[in-house]
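Asker: Output the structure for:
(one chain, ligands or ions: 3)
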Amino acid sequence: MNLYSIKEPSFLKEMDEEELKILAQDIRDFLIESCSRTGGHIGANLGVVELTLALHKHFNSPEDRLIFDVGHQAYIHKILTGRINDFDSLRQYKGLCGFPKLRESEHDVWEAGHSSTSLSAAMGIAKARDIKGEKNYVVPIIGDGALTGGMALEALNHIGSDRTDMTIILNDNEMSIAPNVGAVHNMLGRMRTNTQYNRVKHDIEDFLNRLPQVGVKLRDMADRIKDSMKYLIVNGIFFEELGIKYLGPVDGHDFEELSNAIQISKDYNGPVVIHVITKKGKGYHPAEDDKMGKWHGLGPYKIDTGEVLGSKSTPSWSEFMSNTVLEHAKSDDRIVALTPAMPVGSKLTKFQNELPERFFDVGIAEQHAVTMSAGLAASGMRPYLAIYSTFLQRGFDQLLHDVDRQNLNVFIGIDRSGLVGADGETHQGVFDISFITPLPNMTLMMPKDEIEASQMIDLAFSHEGPIALRYPRGNVKGLKQEGTSEILEYGKWELMAEGDDMTIISFGPTLDLALEASDTLKDAGIKAGVVNARFLKPMDHQMLNALGGNGKPILTVEESMLTGGLGSLIASYLADNDYNNALHRIGIDNEYIEHGDVGKLLEDIGITAENIVLQSKLLMERANGKQIKN
Ligand SMILES: Cc1ncc(C[n+]2csc(CCOP(=O)(O)OP(=O)(O)O)c2C)c(N)n1
Ligand SMILES: CC(=O)[C@@H](O)[C@H](O)COP(=O)(O)O
Ligand SMILES: [Mg+2]
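Answerer: Ligands and ions are numbered 1, 2, ... in the order given. The predicted structure follows:
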């Protein structure tokens with residue numbers, strides 16, 4: 001069939017297995033080709049082609065609610081709900097979102113991006129259904145990786161005890177981004193291989209069902225025998241004991257098996273989990289053979305070779321950070337490294353290979369990772385926790401309650417700080433400054449380049465108390481470290497350009513824009529100094545007193561939320577100390593920033609050299625009451 005003519009999924013109801021197989025192949029071919037140009041989460045999607053077709057065949061979306069955990073595997077769902085023509089713009093500026101998006105389709109009933117939310121969402125949606133007396137199926141689709149997240153386990157605890165009617169699809173491909181880890185993963189492994197147990201269980205149930213109805217007593221006894229035998233033979237005992245009916249394992253690439261399991265679940269009154277076994281990357285060799293998580297999500301690639309296009313010549317920030325930390329760890333055996341399921345993205349695999357006994361991938365468990373770091377520090381270790389800014393949001397209470405309050409020596413590498421681009425509003429790393437700076441004991445830094453980052457890492461490992469270093473997605477500048485590293489003075493900002501008329505204060509990558517703007521402003525006769533506010537906490541009060549004292553206008557620039565950001569902190573400091581410099585802040589003003597090319601997003605927000613120039617002139621006019629020449 002012509003994929004481009006699909007408007008909604010009801011046509012699937014009429015399709016037989018052979019037709020479905022052909023459609024599955026067409027969708028795979030489309031995804032491999034389309035993602036080769038745009039990039040995207042190709043691996044996860046190739047694994048759920050048959051599963052998504054089966055779900056849309058047997059359930060009636062949108063009345064039945066399909067809730068995708070993380071949401072990175074919803075491309076087939078998007079195709080089946082009439083969005084194939086938008087795939088050229090996948091994850092691009094103003095284009096199709098890489099995750100379910102309420103405004104894109106009535107079939108997207110839940111937005112995500114962060115993992116392990118689907119079961120709690122399903123519980124809320126199912127409860128609302130029951131209270132309102134509606135009749136529909138609620139179907140969360142959760143991966144084996146996402147199932148290890150605390151929220152998912154909290155939700156199972158509730159769903160099982162409440163016996164709320166829903167069909168949980170557990171998509172088990174043995175992979176998180178990297179190979180999945182942990183005891184839940186090991187347990188799923190045992191369930192996967194227990195097909196024999198399943199057969200025995202089925203035979204016993206069959207035997208009991210055939211027993212003549214010779215009285216309640218015998219029937220009760222038979223049930224009890226069956227219950228006690230469960231411990232020996234029933235697969236999925238974990239779910240069954242929680243009160244959730246287990247069906248599986250089911251081959252997720254076999255339409256007949258999928259159909260049978262879904263039909264049984266629909267007839268069952270109460271929560272059911274269907275354990276579906278799939279192969280990540282199915283049908284495309286480079287992705288199918290990938291054991292390292294490279295094909296989980298990536299940029300454009302060559303289809304025939306699987307070569308990823310557009311690789312950079314300098315190391316990524318993640319690689320630089322993790323390898324520098326590894327060098328420290330080699331000479332200090334108190335240093336350990338932790339990651340919540342992101343060894344690939346945070347580039348900790350070298351650390352993992354070289355010092356495996358001091359490396360912990362704790363799975364999708366940010367809260368646990370933060371508190372475990374605190375525990376390590378409480379026992380004299382020097383933990384380094386690499387965590388994406390967006391995922392640290394999950395661990396905020398742990399950062400406050402366990403790390404900061406106890407003033408422990410935890411070093412946090414805040415990866416993907418600032419805008420991340422293609423993943424969009426669920427993943428932008430723009431809130432951490434606002435939620436970290438109120439914590440009394442924290443130190444928070446962001447370097448302008450890798451040389452400064454090196455100095456900050458030195459400082460972090462000798463610092464007493466919690467300390468965090470933000471670094472962006474993308475690559476380091478490729479600067480050469482000359483001689484021995486200079487020692488960074490704690491809490492000191494850096495004057496990068498002199499200028500008597502006004503001061504631009506920024507930090508991290510946006511400093512380059514500030515320097516460029518300062519140069520341009522000279523043509524308009526404005527001498528703008530540039531300050532590198534590399535310590536976001538504590539701020540450099542000596543420098544601020546000097547700037548406050550000279551009374552000249554101050555412009556702040558940050559790739560971060562304005563509320564609680566550096567500009568706000570400076571404004572508060574100036575006001576609290578009776579300085580009345582004219583001030584303007586450039587940053588993100590109370591909105592979520594969607595997906596797209598970071599350059600374009602920065603332009604929209606006004607984080608460009610041109611806008612810094614413009615705002616500087618306006619600020620100078622405001623302060624001096626006279627117009628500046630263009
Ligand atoms: C809270 C949170 N932590 C980490 C991530 C990063 N992440 C995205 S997908 C993924 C792996 C999910 O594995 P699984 O649920 O098994 O899905 P699969 O990709 O295997 O289909 C991870 C760790 C995230 N999205 N949210
Ligand atoms: C869906 C998700 O959370 C991850 O797959 C994320 O897209 C990874 O981002 P990076 O590509 O920046 O590692
Ligand atoms: Mg998985």
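
Asker: count of neighbours near residue 449?
Answerer: Residue 449 has 15 neighbouring residues, counting by other CB atoms under 10 Å. No exception for glycine: its C-beta is placed from N, CA and C like everyone else's.

Asker: wait, I meant residue 171
Answerer: Neighbour count for residue 171, taken as other CB under 10 Å: 26.

Asker: quick one: it and residue 141 touch, right?
Answerer: Yes - using CB atoms under 8 Å, residue 171 makes contact with residue 141 at a distance of 6.2 Å.

Asker: Need the pLDDT of residue 211.
Answerer: Residue 211 is assigned 61 on the pLDDT scale.

Asker: can you check residue 250 too?
Answerer: 96.

Asker: Can you give me every residue that contacts the residue of the stretch 351-500 of the chain at minimum distance from ligand 3?
Answerer: Scanning the stretch 351-500 of the chain for proximity to ligand 3 using CB to the ion identifies residue 364 as nearest, at 10.2 Å. Contacts for residue 364 (CB atoms under 8 Å, 6 or more residues apart in numbering) come out as 115-116, 145-146, 148-149, 176, 340-341.

Asker: cool, and residue 493?
Answerer: 505, 531-535, 539-540, 543.

Asker: still on that earlier bit, shared neighbours, residue 171 and residue 141?
Answerer: In contact with both residue 171 and residue 141: 48, 51, 73, using CB under 8 Å, 6+ apart.

Asker: what about the last one, which helix or strand?
Answerer: Assigned by DSSP states H and E, residue 73 falls within no helix or strand.

Asker: wouldn't it be in contact with residue 43 here?
Answerer: No - using CB under 8 Å, residue 73 is not in contact with residue 43; the gap is 9.1 Å.

Asker: Got the confidence number for the closest residue to residue 28 other than its chain neighbours?
Answerer: Closest residue to residue 28 apart from its sequence neighbours, by CB to CB, 6 or more residues apart in numbering: residue 283 at 4.5 Å. Looking at residue 283, its pLDDT reads 97.

Asker: Let me know the distance separating residue 283 from ligand 3.
Answerer: Residue 283 sits at a distance of 17 Å from ligand 3 (criterion: CB to the ion, to the nearest Å).

Asker: got the contact list for residue 325?
Answerer: Contacts for residue 325 (CB under 8 Å, 6+ apart) come out as 335, 337, 351, 384, 386, 413, 457.

Asker: Count the residues that sit near residue 67.
Answerer: Residue crowding around residue 67 was assessed by other CB under 10 Å; the count is 26.

Asker: so how many other residues sit close to residue 388?
Answerer: Using other CB under 10 Å, residue 388 has 25 neighbouring residues.

Asker: Quick check: bridge partners of it?
Answerer: Taking DSSP bridges as the rule, residue 388 bridges to residue 415.

Asker: Those residues of the chain touching ligand 1, which are they?
Answerer: Residues of the chain found near ligand 1 (CB under 6 Å from any ligand atom) are 44, 70, 72-73, 114-115, 143-146, 171, 173, 175-177, 280, 296, 341, 364, 366, 391, 394.

Asker: picking that back up, the contacts of residue 493 into JSON lines, with extra columns for distance to residue 399, secondary structure and pLDDT?
Answerer: What follows is the contacts of residue 493, written out as JSON lines (distance: CB to CB, whole Å; DSSP: H, G, I helix; E, B strand; the rest coil; pLDDT from 0 to 100):
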{"residue": "505", "distance to residue 399": "26", "secondary structure": "strand", "pLDDT": "98"}
{"residue": "531", "distance to residue 399": "28", "secondary structure": "strand", "pLDDT": "98"}
{"residue": "532", "distance to residue 399": "25", "secondary structure": "strand", "pLDDT": "98"}
{"residue": "533", "distance to residue 399": "22", "secondary structure": "coil", "pLDDT": "98"}
{"residue": "534", "distance to residue 399": "21", "secondary structure": "coil", "pLDDT": "98"}
{"residue": "535", "distance to residue 399": "18", "secondary structure": "strand", "pLDDT": "98"}
{"residue": "539", "distance to residue 399": "20", "secondary structure": "coil", "pLDDT": "98"}
{"residue": "540", "distance to residue 399": "24", "secondary structure": "coil", "pLDDT": "98"}
{"residue": "543", "distance to residue 399": "27", "secondary structure": "helix", "pLDDT": "98"}
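
Asker: which one of those residues has the most neighbours?
Answerer: residue 505 (27 neighbours).

Asker: From residue 475, how far off is it?
Answerer: 25 Å (CB to CB, to the nearest Å).

Asker: which secondary element of the chain has the worst mean pLDDT?
Answerer: Ranked by mean pLDDT, DSSP states H and E, the weakest helix or strand in the chain is helix 216-233, scoring a mean of 56.

Asker: And the next helix or strand past that helix?
Answerer: helix 237-242.

Asker: what's that following helix packed up against?
Answerer: With contacts defined as 3 or more CB pairs under 8 Å, 6 or more residues apart in numbering; DSSP states H and E, helix 237-242 has these neighbours: helix 150-162, helix 216-233, strand 245-251.

Asker: got the CA coordinates for it in PDB?
Answerer: In PDB, the C-alpha atoms belonging to helix 237-242 read as follows (Å, rounded to 0.1, in the frame of the first residue of the first chain):
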ATOM      1  CA  ILE A 237       6.000 -14.600  39.100                       C
ATOM      2  CA  PHE A 238       7.200 -11.100  39.900                       C
ATOM      3  CA  PHE A 239       4.200  -9.600  38.100                       C
ATOM      4  CA  GLU A 240       1.800 -12.300  39.200                       C
ATOM      5  CA  GLU A 241       2.700 -11.700  42.900                       C
ATOM      6  CA  LEU A 242       2.200  -8.000  42.400                       C
END
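
Asker: so how far is it from its chain's centroid?
Answerer: 29 Å (CA atoms, centre = their mean, to the nearest Å).

Asker: repeat for stretch 513-527
Answerer: Distance, centroid of stretch 513-527 to centroid of chain: 38 Å (CA atoms, centre = their mean).
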